[in-house]
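Participant: Could you look at this predicted model? Sequence included:
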Amino acid sequence: MLDVAVIEDPAAAEVSLDPIRARLLAELAVPGSATMLAAKVGLPRQKVNYHLKALERHGLVELIEERRKGNVTERIMRATAASYVISPAALAEVQPDPSRAPDQLSARWLLALAARLVRDVGTLVTGAAKARQKVATFAIDGEIRFASAADRAAFAEELAGAVTTLVGKYHDQTAKGGRDHRIVVAVHPSITTRAVDADTSDLPMKE
């Protein structure tokens with residue numbers, strides 16, 4: 001079982017978003033049969049079987065064992081991943097495109113950028129899995145508390161300068177056998193247990 005799987009096919013995305021099927025996927029982090037699942041989700045076994053077949057057709061669950069019980073063969077299924085991410089590629093015609101909203105201070109541009117990140121890394125992960133290879137990636141995730149909007153703006157300026165310096169140091173357009181990499185750096189307000197901060201009056205970022 002994978003930690004995370006990427007759903008790129010629109011039909012598979014539709015199947016996964018059904019509430020009952022999403023519940024079955026969650027339950028199948030631990031292998032189980034239709035009979036076992038029926039007791040957990042409160043549905044008839046036949047109905048569970050119907051949903052399992054739909055999930056199996058789209059590669060979201062897999063058969064790991066068959067057990068013979070009298071005249072009945074019990075199929076033990078398992079989700080193919082512990083969690084799933086739906087790629088924007090599943091909405092090919094309307095997927096976000098950062099180039100359509102190039103304002104780098106816009107929250108919507110950041111959202112489009114993040115969507116592209118999910119799509120591109122998802123494509124790399126899917127291709128690497130088929131080739132039985134790994135994808136070379138690196139990411140930093142942290143949190144910082146700014147005392148003021150001025151501090152945040154100064155931080156953003158220094159961060160941009162540091163990244164530009166590093167890119168200038170290591171980028172080699174003429175390197176034979178080199179491989180292009182995309183770098184994404186983002187800063188956004190943290191989500192708290194309260195409602196999303198409405199204090200945007202002093203932010204240099206736009207909605």
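Facilitator: That came in fine, so what should we check first?

Participant: could you check the distance from the one residue sitting closest to the centre of the chain over to S148?
Facilitator: Centrality entry for the chain: nearest residue to the mean C-alpha point is V85, 3.6 Å, by C-alpha atoms, centre = their mean. Computed with C-beta to C-beta, to the nearest Å, the distance linking V85 and S148 is 35 Å. The way it works is simple: take the backbone N, C-alpha and C, and place the C-beta from them, glycine included.

Participant: Which residue ranges of the chain form strands?
Facilitator: When secondary structure is read from DSSP state E, the chain shows strands at 2-7, 61-69, 72-79, 81-86.

Participant: if I read this right, the residue nearest to the centre of the chain contacts V118, doesn't it?
Facilitator: Yes: using C-beta atoms under 8 Å, V85 is in contact with V118, at 6.2 Å.

Participant: Touching both of those two, which residues are there?
Facilitator: Common neighbours of V85 and V118, counting by C-beta atoms under 8 Å, 6 or more residues apart in numbering, are V6.

Participant: Flag every buried residue along the lengthiest helix in the chain.
Facilitator: The longest helix of the chain (DSSP state H) is helix 107-131. Using 16 or more other C-beta atoms under 10 Å as the test for burial, helix 107-131 gives 109-110, 112-119, 121-122, 125-126.

Participant: do the same with stretch 23-43
Facilitator: 24-25, 27-28, 31-34, 36-38, 43.

Participant: Make sure A101 is actually in contact with L113.
Facilitator: No: counting by C-beta under 8 Å, A101 sits too far from L113 to count as a contact (9.5 Å).

Participant: Sweet, I'm off.
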